[in-house]
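Student: Sequence isn't available, so here's the structure alone:
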C-alpha cells in the first residue's frame, strides 16, 4: 500500500452501492463559445458526480498520475464517492484529452490523446467494493471492462456499460465478449449504426440486443435518447437549451444519472428505466451548461426535480382519440 | 370559365372547412432504396390528402398544366377535396421537381426544378371558398401567400403557413410581411436557424415569434418537432421507423395533419396544438413509408389511431419525483 493510498478517505456508506469504473483525466476543450485548459474530466468523474445525486455510496475504480490534485479526490469523497479503487501511478502523468467542438455540438474533433497512466490500467477492486449492487462501466478498453466483471465475486444486480467506435474497430472480439456479460448498453446513434451496420436505429437496436444486453440506450445528443427493450421503444428528448456551452461528459453524466436513479429506486423494470432515462437526460442538461464538471458539483435536489418537471412539461400531452 | 373547369367536381361540404394553397406537381425521386419517376406530388397534394383524414371539406387552390391527369383531381374530389380553385394552364406543363436523398434522409439535393405552370401563378379564390374557417398556406412565394390572405373577405379563424430558405434569401421583405399576417409558422430547424441567425432553436424561436406568428412549429425530420408558444415549448418525437423509404412530402403531410386535427376539433388552444403536433407527426410517419403520396390515399381511421397510440407509448412515462 502506497503512502498515497491513506489519503483516500472512505465516506460512510449511505444508500445503495454503485461501482463506477472510468477515467479521471485532464481535458482541454475548445468550443465556439470559449475554451478551457486542463480542467478535470474523465468518464469516471462525470459518471460518479451524476450518480452521487441519487446515492452517497459510489465506489470509483480508476487510475491517475502524479499530477492529479489529491484535493479533488477529497472533493469526490465529500460527495459520497469512495476512491480506494483509484490507483495513483507515481511515475506517470494523468490521462489527457484535448478536443474541439464546432457549432454543431453533436460532433467533436480529438486533437490530442495522451493515455499516460491509463495505458496499462489494470483495474483493482478493493475488498470494500465487492458487494456493490450496481455496476456502471464507463467507456474503456473492453478487456478492462471484462476484468472488472470477472473480479467481482458476486454479480451485481445490474451491469450498465458504455463503449465507443474505437473498440468496435480495434478489439471487436473483446467487445462482443463484454456485451454478453452486461445488462444495459449505453451508446450513441453513430456507434449503434457502426456496430450493427444498419442505418435504421430500430434495426440497429435489434442487432445490439441480439448480441447480449437486454436493454439498450441509444443517445442522440441534442436529439434525445431511445431506450429499447424487447420489442418496446421509449424516447426521451433532450431539453431544448438556450446555450449548449460544452457537451464534454454529457453522455457519461447521462449514464451516471440513469444508473443512479435505478440504484436509488431499486427498481430495474422497463417502466422504471424510462424514468431513469428522463433523470439521466436531466443530469446531462446541467452538464452541458458550463465547461467541464463544475456544474455537477453544485446542484441541489430541487434543481434536479425542477429540471425533471421541465421534461414532463416538454413532452406531456393528453390524447383523446378523435372519433 | 374554361371547359376544363366543369370537370372539377364539388363534393358536398362535410366537416369544418380548410382552404389549402399549394402546388400540384410531378416529382422524380431518387433514394438509396430505389427511385420513382414523375409521380404525383406537390405541397398542395400532401397537405390536402393528410387533412382529408380529419375533415372532408378541403378547398384546394393550385395550378397545373395540360399534362396533369384530370382523373387525379377526381380522386381528390372523392376524398372531399374541392378543386374549383385549381387552375389549369392549357399551354404549359405542370410544375416538375427532381431530387435525390442520401442515406441521411434529413437532407436532399435538388437536381431539377421546372416551374412551368407555377411560374406566374396568381391564386384565384373561388367564391365557394370564401367562408373557409382554416387556411393552410403551403410553401410558395410569399407574395402569393399574401395575395391569398388579402383576397379572403373574412379572415380565417387560423392561418398556418410554411416557407423555405429560398424566400428568406430572395424575398425577405415579402416574407416578413407574410409572417405578420399568419398565426402559425411551420418550418424546419435549418430554416429557423437561417431566418433568425441563431443556432440555438430556443433563441431562433423567440426571434421568429417576435416577427409575427403566435405559434411556431420547428420540424426536425427524423428528430421530431418542437412547438413554441409564448414561453412554452412542446416536443413530439418522430416515430423511430424501420424503413424510411422516401421523405418527400413528409413536412407537408405533417402540416396537413396538424391543421386537419385543429379544424376537426375546432380548438386552437396550445394544449390542443400539442395534440395536433402528434397527429401531424403520425401522418408524416405514414408518408415516408412509400414513394410519393400513395400511402396517404389508403389509410383508415384505425391506422391513424393505432399510430397515435404508438406515439403515446413512445413518450409516456410516469414520474413520481424521488424524495
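Tutor: Received the coordinates, thanks. Just so you know, these numbers come straight off a predicted model, no measurement behind them.
Student: For stretch A:203-219, measure first residue to last.
Tutor: End-to-end distance for stretch A:203-219: 16 Å, by CA to CA, to the nearest Å.
Student: Give me the buried stretch members for that stretch, please.
Tutor: A:203-206, A:208-209, A:212-213, A:215-219 (16 or more other CB atoms under 10 Å in any protein chain shown). Bear in mind the C-beta positions are built from the backbone N, C-alpha and C, glycine included.
Student: So which of those residues belong to helices?
Tutor: Counting by DSSP state H, those place A:203-206, A:208-209 in helices.
Student: Residue A:31 and residue B:291: what is the separation?
Tutor: Note on residue A:31: its distance to residue B:291, by CB to CB, to the nearest Å, is 41 Å.
Student: Show me what the worst-scoring helix or strand of chain A on mean pLDDT is in contact with.
Tutor: In chain A, no helix or strand scores lower on mean pLDDT, DSSP states H and E than strand A:108-114, which sits at a mean of 92. Contacts to strand A:108-114, defined as CB atoms under 8 Å, 6 or more residues apart in numbering or on different chains, come from residues A:28, A:30, A:93, A:95-102, A:247.
Student: how about 10 Å then?
Tutor: A:25-26, A:28-31, A:65, A:93-102, A:247-248 (CB atoms under 10 Å, 6 or more residues apart in numbering or on different chains).
Student: Make a PyMOL selection of whichever of those turn out to be buried.
Tutor: Here is the PyMOL command that selects the buried residues among these (16+ other CB under 10 Å):
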select buried, chain A and resi 25+26+28+29+30+31+65+93+94+95+96+97+98+99+101+247+248
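Student: What strand or helix carries residue A:83?
Tutor: strand A:81-89 (DSSP states H and E).
Student: Three-state assignment for residue A:264, please.
Tutor: When classified by DSSP: H, G, I helix; E, B strand; the rest coil, residue A:264 comes out as helix.
Student: Residue A:217 and residue A:162 touch, don't they?
Tutor: Yes: counting by CB atoms under 10 Å, residue A:162 is a contact partner of residue A:217 at 9.4 Å.
Student: residues shared between the contacts of these two?
Tutor: A:184-188, A:251, A:254-255.
Student: Which ones among these map onto helices?
Tutor: Those of the shared contacts of residue A:217 and residue A:162 lying in helices (DSSP H): A:251, A:254-255.
Student: which stretches of the stretch 201-323 of chain A have low pLDDT?
Tutor: Residues of the stretch 201-323 of chain A that meet the criterion pLDDT under 70 lie in A:320-323.
Student: now the helices for it?
Tutor: A:201-210, A:250-265, A:270-287, A:301-315 (DSSP state H, counting those that start in this stretch).
Student: out of those, deepest packed?
Tutor: Among those, helix A:250-265 has the highest mean neighbour count (mean count of other CB atoms under 10 Å in any protein chain shown), at a mean of 28.
Student: Up against chain B, what does the stretch 1-150 of chain A have?
Tutor: A:32, A:53-54, A:103-105 (CB under 10 Å from any CB of the partner chain).
Student: 6 Å - rerun?
Tutor: Contacts of the stretch 1-150 of chain A with chain B, taken as CB under 6 Å from any CB of the partner chain, map to residue A:103.
Student: How is the residue of the stretch 1-150 of chain A found nearest chain B assigned, secondary-structure-wise?
Tutor: Closest contact between the stretch 1-150 of chain A and chain B, by CB to the nearest CB, is at residue A:103 (5.5 Å). Three-state call for residue A:103 (three-state DSSP): coil.
Student: any idea which residue sits dead centre in chain A?
Tutor: residue A:252 (2.7 Å; CA atoms, centre = their mean).
Student: which residues touch it?
Tutor: For residue A:252, the contacting residues are A:43, A:46-47, by CB atoms under 6 Å, 6 or more residues apart in numbering or on different chains.
Student: Mind putting these into a markdown table with neighbour count, pLDDT and secondary structure?
Tutor: Below are the contacts of residue A:252 laid out as a markdown table (neighbours: other CB atoms under 10 Å in any protein chain shown; pLDDT from 0 to 100; DSSP: H, G, I helix; E, B strand; the rest coil):
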| residue | neighbour count | pLDDT | secondary structure |
| --- | --- | --- | --- |
| A:43 | 27 | 98 | helix |
| A:46 | 31 | 98 | helix |
| A:47 | 35 | 98 | helix |
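Student: coming back round to it: and the residue of the stretch 1-150 of chain A closest to chain B, what does it touch?
Tutor: A:32, B:199.
Student: Look up how far residue A:61 lies from it.
Tutor: Taking CB to CB, one finds residue A:103 at 36 Å from residue A:61.
Student: Residue A:231 now?
Tutor: 35 Å.
Student: So between these two, which is more surrounded?
Tutor: residue A:61 (29 against 8; other CB atoms under 10 Å in any protein chain shown).
Student: Isn't residue A:225 up against residue A:216?
Tutor: No: applying CB atoms under 6 Å as the test, residue A:225 and residue A:216 come out as separate, 10.5 Å apart.
Student: re earlier: including distance to chain B, could the shared contacts of residue A:217 and residue A:162 go into TSV?
Tutor: Putting these into TSV (distance: CB to the nearest CB, whole Å) gives the following:
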residue	distance to chain B
A:184	17
A:185	17
A:186	17
A:187	15
A:188	14
A:251	17
A:254	16
A:255	18
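Student: just the residues you listed now: which is nearest residue A:38?
Tutor: When the shared contacts of residue A:217 and residue A:162 are ranked by distance to residue A:38 (CB to CB), residue A:251 comes first, at 21.1 Å.
Student: residue ranges of the strands in chain A, please?
Tutor: A:18-21, A:25-31, A:34-41, A:58-65, A:81-89, A:95-101, A:108-114, A:134-137, A:158-162, A:184-188, A:215-219, A:225-229, A:232-236 (DSSP state E).
Student: As JSON lines, those with distance to residue B:239 would be great.
Tutor: Converted to JSON lines, the strands of chain A look like this (distance: least, CB to CB, whole Å):
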{"stretch": "strand A:18-21", "distance to residue B:239": "34"}
{"stretch": "strand A:25-31", "distance to residue B:239": "33"}
{"stretch": "strand A:34-41", "distance to residue B:239": "36"}
{"stretch": "strand A:58-65", "distance to residue B:239": "37"}
{"stretch": "strand A:81-89", "distance to residue B:239": "40"}
{"stretch": "strand A:95-101", "distance to residue B:239": "30"}
{"stretch": "strand A:108-114", "distance to residue B:239": "29"}
{"stretch": "strand A:134-137", "distance to residue B:239": "30"}
{"stretch": "strand A:158-162", "distance to residue B:239": "26"}
{"stretch": "strand A:184-188", "distance to residue B:239": "20"}
{"stretch": "strand A:215-219", "distance to residue B:239": "15"}
{"stretch": "strand A:225-229", "distance to residue B:239": "11"}
{"stretch": "strand A:232-236", "distance to residue B:239": "9"}
